[in-house]
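A.B. asks: All I have is the shape, not the residue letters:
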Ligand SMILES: Nc1ncnc2c1ncn2[C@@H]1O[C@H](COP(=O)(O)OP(=O)(O)OP(=O)(O)O)[C@@H](O)[C@H]1O
Ligand SMILES: Cc1ncc(CO)c(N)n1
């Protein structure tokens, strides 16, 4: 007789990255490293490596719908994260299913463009993302550029980050983690909740291999929420995970390489 084992569960709704550094692949590696059972609903296939994205094929909305029904009617996720959602039709499917199944602990990473510059969200889907997905989130995790697009503000300083995060918190009624990884002076992230702003200080690590940092951070937060941690603890531990994964110094590929997910083992 095999002893019973219980694991918390996380669903990632995102695009596939053939090079394994970002998207679904980064999410599942992070979820596994966090000691949680991972599931996926794929929104798009990308032909991608450390130097860029060469092709994108989106999933048919009916197929995304079917994936989400299969998951939610069988293994109900303790947390959900979304990454590349690509267009307004797919956003509509995701929002409808998250509401229908009353999904909890929803982490929305408002992915817009890959580090290489390729678009992962159509320009005309930004309003659908704002109106349909952000209000469902427990926490959203924009980087500086995404926070600028979502708020229509220019973000140059720590003070600007606080103002943008507060605006997002008030407009969409969700907690906000504004990521500072693209500032070269530091890697300070700002968590904005009902308690106001909280800085998560980080030193800029001189590692050019940052492919998938955002995917990894949001998956680690979702995994920690699934394990029952409060949001602040979940975000602090996720920040420690990403810092370790960058400090491990993995160096693969010819461009911005992926992170090391086994560093904690
Ligand atoms: N060079 C760095 N040194 C230290 N921390 C970093 C560095 N780059 C990113 N981070 C951290 O990684 C996390 C993700 O932030 P980032 O701003 O890179 O997200 P992103 O732009 O959404 O990622 P992606 O490039 O995958 O789209 C944040 O916690 C950020 O502070
Ligand atoms: C599929 C996918 N999702 C997200 C990102 C952002 O890092 C990426 N490069 N590729």
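C.D. replies: Thanks, I have the structure now. The model shown is predicted, which means the values in this text are computed figures rather than measured ones. Ligands and ions are numbered 1, 2, ... in the order given.
A.B. asks: Direction included, what does the strand of greatest length in the chain pair against?
C.D. replies: The residue-count maximum for a strand in the chain (DSSP state E) belongs to strand 37-49. Strand 37-49 has the following sheet partners, assigned by DSSP bridges: strand 9-17 (parallel), strand 52-58 (antiparallel).
A.B. asks: Is it in proximity to ligand 2?
C.D. replies: Yes - shown here: strand 37-49 in contact with ligand 2 (Cβ under 6 Å from any ligand atom) through 46, 48. Where C-beta positions appear, they are placed from N, C-alpha and C, glycine not excepted.
A.B. asks: can that strand be found next to ligand 1?
C.D. replies: No - using Cβ under 6 Å from any ligand atom, we find that strand 37-49 stays clear of ligand 1, coming within 11.8 Å at best.
A.B. asks: And stretch 66-85, by the same measure?
C.D. replies: No - judged by Cβ under 6 Å from any ligand atom, stretch 66-85 stays clear of ligand 1, getting no closer than 9.0 Å.
A.B. asks: shift numbering so it begins at 115
C.D. replies: Right, with 115 as the first residue, what we last looked at is stretch 180-199.
A.B. asks: mind checking the end-to-end distance for that stretch?
C.D. replies: 16 Å (Cα to Cα, to the nearest Å).
A.B. asks: buried residues in that stretch?
C.D. replies: Residues of stretch 180-199 classed as buried by neighbour count (16 or more other Cβ atoms under 10 Å): 181-182, 185-186, 191-199.
A.B. asks: now stretch 131-149
C.D. replies: Neighbour counts over stretch 131-149 (16+ other Cβ under 10 Å) mark 131, 133-148 as buried.
A.B. asks: Ligand 1 next: which of those are close?
C.D. replies: residue 136.
A.B. asks: Narrow the buried residues of stretch 131-149 to those in strands?
C.D. replies: residue 131.
A.B. asks: neighbouring contacts of the host helix or strand of residue 284?
C.D. replies: Using DSSP states H and E, residue 284 sits in helix 272-286. With Cβ atoms under 8 Å, 6 or more residues apart in numbering as the contact definition, helix 272-286 has outside contacts at 244, 248-249, 251, 254, 256, 258, 261-262, 264-265, 267-269, 288-290, 292, 294, 302, 304, 306-307, 311, 313.
A.B. asks: Narrow those to just the buried residues.
C.D. replies: Neighbour-count burial (16+ other Cβ under 10 Å) applied to the contacts of helix 272-286 gives 244, 248, 251, 254, 256, 258, 261-262, 264-265, 269, 288-290, 292, 294, 302, 304, 306-307, 311.
A.B. asks: among those residues, which are in helices?
C.D. replies: The helices, defined by DSSP state H, take in 258, 261-262, 264-265 from the buried ones among the contacts of helix 272-286.
A.B. asks: Between the residues you listed, which sits nearest ligand 2?
C.D. replies: The nearest member of these to ligand 2, counting by Cβ to the nearest ligand atom, is residue 258 at 14.2 Å.
A.B. asks: separation between that closest one and residue 275?
C.D. replies: Using Cβ to Cβ, to the nearest Å, residue 258 is found at 8 Å from residue 275.
A.B. asks: Between those two, which contacts overlap?
C.D. replies: Residues within reach of residue 258 and of residue 275 at once, by Cβ under 8 Å, 6+ apart, are 269, 292, 294.
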